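Enquirer: Structure of the sequence below:
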Amino acid sequence: MSPVCKKIALFLIIGFVFIAQSAIASDYYHQYYEVTVTNITKGQIFTPIMVASTKHHSQLFTLGEAASSELETIAESGNPMPLANQLVDMNKALEVATHDDVLLPGQSVTLKVKTNKKFSHVSVAAMLVPTNDAFFAVNSIHGPKGKHPITVLAPAYDAGTENNDESCMTIPGPPFICQGEGVSSDQGEGFVHIHSGMHDIGDISAAQHDWRGPVAKIMIQRVHH
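Expert: Numbering: from 1, shown residues only. A predicted model of the protein is given here:
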């Protein structure tokens, strides 16, 4: 083989090695978070859960400030899609996953979302039923950097968008407890705050559905597949 041919062959080999290494690095760079949500209440049910890989400043809500219309939709009707679509459309989330069923007390569900250096945080949200506008959320917390998972406990928040009348006329479900519309013409407090629980002022039994302390356990694990 001539010296010129040898040089060309060497350059081709180096190029193939570089491409292979780049592919491996790219596959490694786009890792995933597996997010496991456990309902740790005695008598509350979680509506379909939304998990998103977000930027550090991608806030779902701010305590003491008014809820967005997308968050209001989750908190009052349990529908996560408007908020999920907004996060992606506004480049606040790399990927969003939603669970398509309710989560009963004591049950867990695991959702997986892609993550990278830019979208290294995790946001989670779902409604508590039967309530007027209670939700739990994890508001853009940093995911684990290594193989060891992190676990956080999420409290219940009040979206402040609807009065807490605890009436089945304004609570969307579940069907075996309430079959309301999920919305009310009465306005709430006007800002997001820690929820004060159930108080036996309407159709909902506080003995069965009230809670104290955190309502959800959320475990975040970094995986490579």
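
Enquirer: for the residue nearest the centre of the chain, which residues make a bridge with it?
Expert: In the chain, the residue lying closest to the centroid (Cα atoms, centre = their mean) is Val124, at 1.7 Å. Legend: beta-bridge partners of Val124 under DSSP bridges are Val51, Val138.

Enquirer: For this protein, give me the ranges with low pLDDT.
Expert: 1-30, 180-185, 225 (pLDDT under 70).

Enquirer: what are the ranges of the helices in it?
Expert: 3-29, 69-77, 81-89, 206-209 (DSSP state H).

Enquirer: ok, back up a step: quick one: residues contacting the residue nearest to the centre of the chain.
Expert: 35, 37, 49-52, 136-138, 154, 216, 218 (Cβ atoms under 8 Å, 6 or more residues apart in numbering). Bear in mind the C-beta positions are built from the backbone N, C-alpha and C, glycine included.

Enquirer: Just the endpoints, please. Distance across stretch 179-186?
Expert: 18 Å (Cα to Cα, to the nearest Å).

Enquirer: Could you do stretch 193-201 as well?
Expert: End-to-end for stretch 193-201, by Cα to Cα: 20 Å.

Enquirer: Also stretch 161-171?
Expert: Stretch 161-171: ends 13 Å apart by Cα to Cα.

Enquirer: what does stretch 100-119 give?
Expert: With Cα to Cα, one end of stretch 100-119 sits 24 Å from the other.

Enquirer: Same question for stretch 163-171.
Expert: Termini of stretch 163-171 sit 11 Å apart (Cα to Cα).

Enquirer: and if you look at stretch 188-196?
Expert: First-to-last distance for stretch 188-196 - Cα to Cα - comes to 13 Å.

Enquirer: Show me the contact partners of it.
Expert: Against stretch 188-196 from outside (Cβ under 8 Å, 6+ apart): 61-67, 71, 131-134, 155-164.

Enquirer: okay, now Thr98: neighbour count?
Expert: 16 (other Cβ atoms under 10 Å).

Enquirer: again with Val96
Expert: Neighbours of Val96 using other Cβ under 10 Å come to 22.

Enquirer: Is it correct that it is in contact with Val113?
Expert: Yes - the criterion here is Cβ atoms under 8 Å, and Val96 meets it with Val113 at 6.8 Å.

Enquirer: where do the contact lists of those two overlap?
Expert: By Cβ under 8 Å, 6+ apart, the residues touching both Val96 and Val113 are 51-53.

Enquirer: could you redo the residues you listed as JSON lines and give each row neighbour count?
Expert: Below are those laid out as JSON lines (neighbours: other Cβ atoms under 10 Å):
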{"residue": "Val51", "neighbour count": "31"}
{"residue": "Ala52", "neighbour count": "30"}
{"residue": "Ser53", "neighbour count": "28"}
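
Enquirer: What does Asn79 show for phi and psi?
Expert: phi -90, psi 110 (degrees, to the nearest 10).

Enquirer: mind listing what the residue nearest to it when sequence neighbours are not counted touches?
Expert: The spatially closest residue to Asn79, leaving aside those adjacent along the chain, is Thr73, at 5.2 Å (Cβ to Cβ, 6 or more residues apart in numbering). Thr73 makes contacts with 79, 82-83, as judged by Cβ under 8 Å, 6+ apart.

Enquirer: Let's see that with 10 Å instead.
Expert: 67, 79-83, 127, 159, 161, 182-183 (Cβ atoms under 10 Å, 6 or more residues apart in numbering).
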